[in-house]
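[1] Okay, sequence plus prediction incoming.
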Amino acid sequence: MPLPAPIALGFSGLLAVLGVACAAQSFLLARRVRAPGENVAAVRLAAVFLGLAAVHLIECAIATSPLARFVPHLHSTTFGLAYGFGPALWLVARRATNLPPSKIPAWLHALPVVVGTTSLLSWVRLPAAAKIAYLDSLAVVRPSAMGFGGLVAAQSLILLGFVYAFAAGRVIEERRQETGHEKEAEGAVDRALARLAAVARAGRNTFGVYLVVFLAIQFLGAHTYQVDTLPSLLGAGVLLAFGRELARAPAIPAARGRARGPGQYRKATLPAERVPELLGALERTMTVDRAYLDPGLDLAGLASRLAISGHQLSQLLNRELGVTFADYVNARRVDEARQILKDPERRDLTILAVALDVGFRSKNTFTSAFKKHAGTTPSGFREN
């Protein structure tokens, strides 16, 4: 029996449009990723994959129309579209947060897209009857019918999408903490990063729920066309929402004071014999002068107090203490906040007041840093 028109033309048609939009967006973003060491080809490969998936979805949308004979027959399950979301979201997140090149080999980001594309194209030689049987999916088809290898591959790629979305959320949250103490960090930047983090969490939750549903229907339900397309629709929405928020976001300052590899300090001029002296001066600046209480403190400002360059201070923190500038300053602020929160005479202070007292610019940034360094929220710490 033919696929009902509302599904063939409405649901799939919308999904196809979103797929094409995602492909175009990924390609345009690829043109903007120019940081040394980033794999621009990985983003373009994601765009190619999403384009192929979009062609398949268009085919689904016009399956009951004479136009179907003009579309290449890419026979595959529609959740194949979701394979490109993880890498695309990760690369977009790195672009959004203005980070330096990643230490992760860039070609790894292309692997899930290669596997997804291969899976998509492997269905090309199937007879037309197979496509009709799939689209006419009111019949029950359990995931186990895919075969063990296909089932494991699908679950692995869905899980990989979850990991990518989780990593994107983490890197945005870390960037929020870093911008929280920089002079250039205005409230608009923090709000933009907060919105991007919320979209990344939505992507993570989408993949997580999809994985649970995908596993559950092996034993409990029918594997239908709608089961596959709904997560793809949600994933497309996540990526498009991320792009929208990125377009609305103000310019985010380039990341500074991040951990570096040994080869990146070849031009550093910090003499080894000065390290003990500078570590002592840094400790005095923090414990005696309590420089961390200044909400405008940045890498260059702290370096000037030590009469060294920002690059040298970054080297001192990264090599000798094993921390970034953001973590070093925030750890001091969190320690100060702990003392305030434990003081019974200051229980009338709100969490926001404590955050401002110790040098943070916002409650959200303070809470994120406190959870990272203390393992709990400020409110939870106060209650315990």
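    All right, it came through fine.

[2] Can you dump the C-alpha atoms of stretch 354-367 in PDB for me?
    C-alpha atoms of stretch 354-367 as PDB (Å, rounded to 0.1, in the frame of the first residue of the first chain):
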ATOM      1  CA  VAL A 354      28.900  36.600  47.100                       C
ATOM      2  CA  ALA A 355      29.800  36.100  43.400                       C
ATOM      3  CA  LEU A 356      30.300  39.900  42.900                       C
ATOM      4  CA  ASP A 357      32.300  40.200  46.200                       C
ATOM      5  CA  VAL A 358      34.800  37.600  45.000                       C
ATOM      6  CA  GLY A 359      35.300  39.000  41.500                       C
ATOM      7  CA  PHE A 360      32.800  37.200  39.300                       C
ATOM      8  CA  ARG A 361      30.700  39.200  36.900                       C
ATOM      9  CA  SER A 362      27.600  37.100  37.000                       C
ATOM     10  CA  LYS A 363      25.800  34.400  39.100                       C
ATOM     11  CA  ASN A 364      25.900  31.900  36.200                       C
ATOM     12  CA  THR A 365      29.600  32.100  35.700                       C
ATOM     13  CA  PHE A 366      30.200  31.900  39.500                       C
ATOM     14  CA  THR A 367      28.000  28.800  39.800                       C
END
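
[3] Can you point out the buried residues in it?
    Buried residues in stretch 354-367, counting neighbours by 16 or more other Cβ atoms under 10 Å, are found at 354-356, 358-367. Every residue, glycine included, has its C-beta placed from N, CA and C.

[4] do the same with stretch 329-347
    Taking 16+ other Cβ under 10 Å as the criterion, stretch 329-347 shows 329-334, 336-338, 340-341 as buried.

[5] which other residues reach it?
    177, 180-181, 286, 290, 292-293, 297, 302, 323, 349, 354-355, 357-360, 366, 369-370, 372-374, 378, 381-382 (Cβ atoms under 8 Å, 6 or more residues apart in numbering).

[6] Select only the buried ones of those residues in PyMOL?
    In PyMOL, a selection of the buried entries from the contacts of stretch 329-347 looks like this (16+ other Cβ under 10 Å):
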select buried, resi 177+180+181+286+292+297+302+349+354+355+358+359+360+366+369+370+373+374+378+381+382
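
[7] from the contacts of stretch 329-347, which ones fall inside helices?
    Members of these lying in helices (criterion: DSSP state H): 177, 286, 302, 354-355, 357, 366, 369-370, 372-374, 378, 381-382.

[8] Between the two ends of stretch 350-365, how far is it?
    Terminal residues of stretch 350-365 lie 15 Å apart, using Cα to Cα, to the nearest Å.

[9] actually stretch 338-358, sorry about that
    10 Å.

[10] burial count for Leu215?
    14 (other Cβ atoms under 10 Å).

[11] And it, how far from Asp327?
    Using Cβ to Cβ, to the nearest Å, we find Leu215 at a distance of 37 Å from Asp327.

[12] Ok, Gly296 next?
    Here the criterion is Cβ to Cβ. By it, Gly296 lies 18 Å from Asp327.

[13] need the contact list for Asp357.
    Contacts of Asp357 (Cβ under 8 Å, 6+ apart): 293, 336-337, 340, 349.

[14] So for Gly296 and Asp327, which sits in the more crowded spot?
    When Gly296 and Asp327 are compared for neighbours, Asp327 comes out ahead with 21 against 12, by other Cβ under 10 Å.

[15] In terms of pLDDT, where does the more buried one sit?
    Here the pLDDT value assigned to Asp327 is 87.

[16] element containing the nearest residue to Lys363 once chain neighbours are set aside?
    In space, and not counting its chain neighbours, Lys363 is closest to Leu352: 4.6 Å by Cβ to Cβ, 6 or more residues apart in numbering. Secondary structure from DSSP states H and E places Leu352 in helix 351-357.

[17] Same question for Asp327.
    Per DSSP H and E: Asp327 is located in helix 325-342.

[18] excluding its backbone neighbours, what's nearest Leu293?
    Gly359 (4.8 Å).
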